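1. Give the three-dimensional model of this entry:
(2 chains)
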Number of protein chains: 2
Amino acid sequence: MAERIETDVVVVGAGLAGLSAAQALVAAGRDVVVVEARDRVGGRVVNRELDHGVVVEMGGQWIGPTQNRIARLAADLGVETFPTFNDGDNILRFGETQGRYKGAIPRINPVVLADIGRAQARFDKLARRVPLEAPWSAAQAEQWDSQTFETWIRRNCRTSKGKDLLRLYSAAVFAAEPADYSLLHALFYTNSGGGVDRLTGTADGAQQDRFVGGSQRIPLLMADELGARVRLAQPVRRITDRGAGVTVLTDQLELEARAVVVAIPPTLAGRLVYEPALPPWRDQLTQAVPAGAVIKCNVVYETPFWREDGLTGQATGNEGPVKITFDNSPPSGVRGVMLAFLEGAHARRAARMTPAERREAVLGSLVRYFGPQAAKPLDFQELDWSAEEWTRGCYGAHLPTGVWTQYGPALREPVGCIHWAGTETATVWNGYMDGALQSGDRAAAEVLQCLSIRPEES
Amino acid sequence: MAERIETDVVVVGAGLAGLSAAQALVAAGRDVVVVEARDRVGGRVVNRELDHGVVVEMGGQWIGPTQNRIARLAADLGVETFPTFNDGDNILRFGETQGRYKGAIPRINPVVLADIGRAQARFDKLARRVPLEAPWSAAQAEQWDSQTFETWIRRNCRTSKGKDLLRLYSAAVFAAEPADYSLLHALFYTNSGGGVDRLTGTADGAQQDRFVGGSQRIPLLMADELGARVRLAQPVRRITDRGAGVTVLTDQLELEARAVVVAIPPTLAGRLVYEPALPPWRDQLTQAVPAGAVIKCNVVYETPFWREDGLTGQATGNEGPVKITFDNSPPSGVRGVMLAFLEGAHARRAARMTPAERREAVLGSLVRYFGPQAAKPLDFQELDWSAEEWTRGCYGAHLPTGVWTQYGPALREPVGCIHWAGTETATVWNGYMDGALQSGDRAAAEVLQCLSIRPEES
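-> Numbers count the residues shown, from 1 in each chain, chains lettered A, B, ... in the order given. Sure thing, here's the model as predicted:
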């Protein structure tokens, strides 16, 4: 027999979006229950504790300038930040040729540099023309949404290295190939995060700082404040809209509420059973909003040996399978941690490997970037987010061609008493932790507005 | 308490794919249970009986040359065919200009005719280069899969009417906009159905003939033969792969079997709960394979009045909302039925209208094509397939950019004891009733092979 609970609002998902919605609702004096499928909170934000007190993050981890929502929250919760290690040279590799450079601009062939510079300037300029609240209303929305980002790259870069650098942008920022989503989506997302440099940068960029103790401390502390309102290991099976309210069903709980905030990725939101069935525009939206593909690897060494070579640990290469790395060592300095991303097509291919094959492939890349010392780590931690039943892909969703213009409004539009949150619904820092928190605030405000209009059930 | 049933194979879905799989398994001496979510069989094939014994089909309905699998089956079942009404002139409308023509080639500006002729020839030629068993292995697969069909149209047609004619091809054949899917998918699907003329044609094409009594007679008769093996109103909630077999759970049934054939559209297959969770390549595939959008309208008049004007009833126009029509009158001649399709973006927009607004919009189009007599039907029957909880879009799925090349093999590849059927998994006549039947045969053969290798459970 299901335990029956009455509350004002049910929140589905205890990631940052759901937790921020719950906090806002509680602050407004409402009763809330948060139901979470996993046996932990944080969603795509998760720490892993290793030997010697080393904490690595297997999901979202950085904070950068203009991410004010998460900065304020972290300060309130007493979670401190420290700079991502960024002293020395970065590595850029094309095929067998590897170079070192300082700062944002790689030392490469000036023809390529001019090519990529021109393309980036043009791309950033177009991005600023996408209204964040309504990308489908951009003057050229139809045209941008009917072609892939890859098509745009081929037309707007002349050099093959220039094209590859934009493809690396796609891997690093979207965890997807530029053929996977529309130019309109590429532009929206870029504008949402403040431009290419902001999104890709360490100093002054989205990778600027890290959280002491790991980013998951934030959702963990939020959940602490919510206390018994958060119910773990409760995958939601069904949401029934009774007109004057909703019933949310898990395997053990039957929750009666006046409204529900569904704060899970769109592709998972589309899998719940809804009664009555959702309208076609919402259902066809969630059919068409797949998640990116990432396997995040934290590779632990005795020391951050690359620092002795004058390297930041940030490497980028066009051949993969590891296309992006960062120094992810703990602030204590007790170990060296190299963060290696498998993204997009490389993540998809690597998903079919055995763990041993994948480890070998990742270490092979690291040896090419950083030398033979990279071959023998003390520990190798990986997480394939596409294999996670309650996420099914990272960092976030990307919108293929035709989706923003035909279904965009359905991303946030409530259906009866059902409201939608999650970083994919954010206007600013869409796909990031900051966007997730903002989306929770927005959904909570919607619900409060809605509850204040509709009479209480008797 | 759930009723517990043991059987050899469970088939999920009593559409043509599931029923053909079940028939093949029964013919091979296996025990089978077919579980169907709806209270009827046929899936995307459904009759509606109107006054005066008029039967209209609200889903798949035609049969054409080379659709040998369904032709043979219909003959076996004693379901006869008759030709789609095709005597007279067709209508082609661009904006306010309407023309009439006979046969396949419209009487339009010779510059446009040359343009579309060249583009179609080039397109058909590329289509023949796509291997139907493995579209991702085409020599140019990467390039074709990284751009939309719309991008190809813009590059390969010079005239705006030529472009519009290819967009009409997309609406008529894919029920989607050419920006919704990749060029590789457009080419695969076209090759799967034997080329543009075969797919779009009435005489010698996919719309050539109809079934006496309506196409649903076929699944109804198949289900009759299967008898009590078919269990209606049993939406599957969960599939557990126990290694040596599977457990399939509905709200009332617990089915234990050695294998399961999931014969529902990919986007619905992706929503079931699987234990263990499906591998990432399969899950990310179903995240990215949306269905097209169709609202099919059968508009009933006293007589097929267009015939008196020397018209076939087949009209095509670039402005919509109705872009494709057919004479769908019953062979008895007792009434005139005009079939009007709302497809792709027009279906998506019309889904948000009230029924009265939609009816007005559809009749408005019909009046423009066929004159004022079209304004006052006796009956107006419509079905929005995207609103159907157990279909969620028609005719079939389309694969957006990047999907065939990154996930194609996962469409048919079994996962443990779970096998996949449905017209989306077909190599020949993918998306059609014939492909659905073939996919059921293929899945049944896979299961039989599998059962013959693995030992019985003790």
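2. buried set for the helix or strand A:Arg237 falls within?
-> Following DSSP states H and E, one finds A:Arg237 within strand A:236-241. Across strand A:236-241, burial judged by 16 or more other Cβ atoms under 10 Å in any protein chain shown covers A:Val236, A:Ile239, A:Thr240, A:Asp241. All C-beta atoms are positioned from the backbone trio N, CA, C, and that covers glycine.
3. and what of stretch A:386-404?
-> Within stretch A:386-404, the residues that qualify as buried are A:386-404, counting by 16+ other Cβ under 10 Å.
4. how long is it end to end?
-> Using Cα to Cα, to the nearest Å, the end-to-end distance of stretch A:386-404 comes to 23 Å.
5. any residue of it up close to chain B?
-> Yes: Stretch A:386-404 lies within reach of chain B by Cβ under 8 Å from any Cβ of the partner chain, at A:Ser386, A:Ala387, A:Glu389, A:Arg392, A:Gly393, A:Pro400, A:Thr401, A:Gly402.
6. Could I get the contacting residues of the last one?
-> Think A:Gly402. Contacts for A:Gly402 (Cβ atoms under 8 Å, 6 or more residues apart in numbering or on different chains) come out as A:Asp145, A:Ser146, A:Ser182, A:Ala288, B:Thr148, B:Ala176, B:Glu177, B:Ala179, B:Asp180, B:Pro400.
7. Can you add secondary structure and give those residues back as JSON lines?
-> As requested, the contacts of A:Gly402 are exported to JSON lines (DSSP: H, G, I helix; E, B strand; the rest coil):
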{"residue": "A:Asp145", "secondary structure": "helix"}
{"residue": "A:Ser146", "secondary structure": "coil"}
{"residue": "A:Ser182", "secondary structure": "strand"}
{"residue": "A:Ala288", "secondary structure": "coil"}
{"residue": "B:Thr148", "secondary structure": "strand"}
{"residue": "B:Ala176", "secondary structure": "coil"}
{"residue": "B:Glu177", "secondary structure": "coil"}
{"residue": "B:Ala179", "secondary structure": "coil"}
{"residue": "B:Asp180", "secondary structure": "coil"}
{"residue": "B:Pro400", "secondary structure": "coil"}
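8. Out of those, which is nearest to B:Pro131?
-> The shortest gap between B:Pro131 and any of the contacts of A:Gly402 belongs to B:Pro400, at 20.1 Å (Cβ to Cβ).
9. any idea how far the closest one is from chain A?
-> 4 Å (Cβ to the nearest Cβ, to the nearest Å).
10. Return the distance of the spatially closest residue to A:Gln140 that is not a sequence neighbour relative to B:Ser332.
-> Closest residue to A:Gln140 apart from its sequence neighbours, by Cβ to Cβ, 6 or more residues apart in numbering or on different chains: A:Arg129 at 7.5 Å. As defined by Cβ to Cβ, to the nearest Å, A:Arg129 lies at a distance of 59 Å from B:Ser332.
11. Regarding A:Trp390, what is its secondary structure?
-> The three-state label given to A:Trp390 by three-state DSSP is coil.
12. Hmm, A:Gly99 is touching A:Asp89, no?
-> No: taking Cβ atoms under 8 Å as the definition, A:Gly99 is not a contact partner of A:Asp89, at 9.0 Å.
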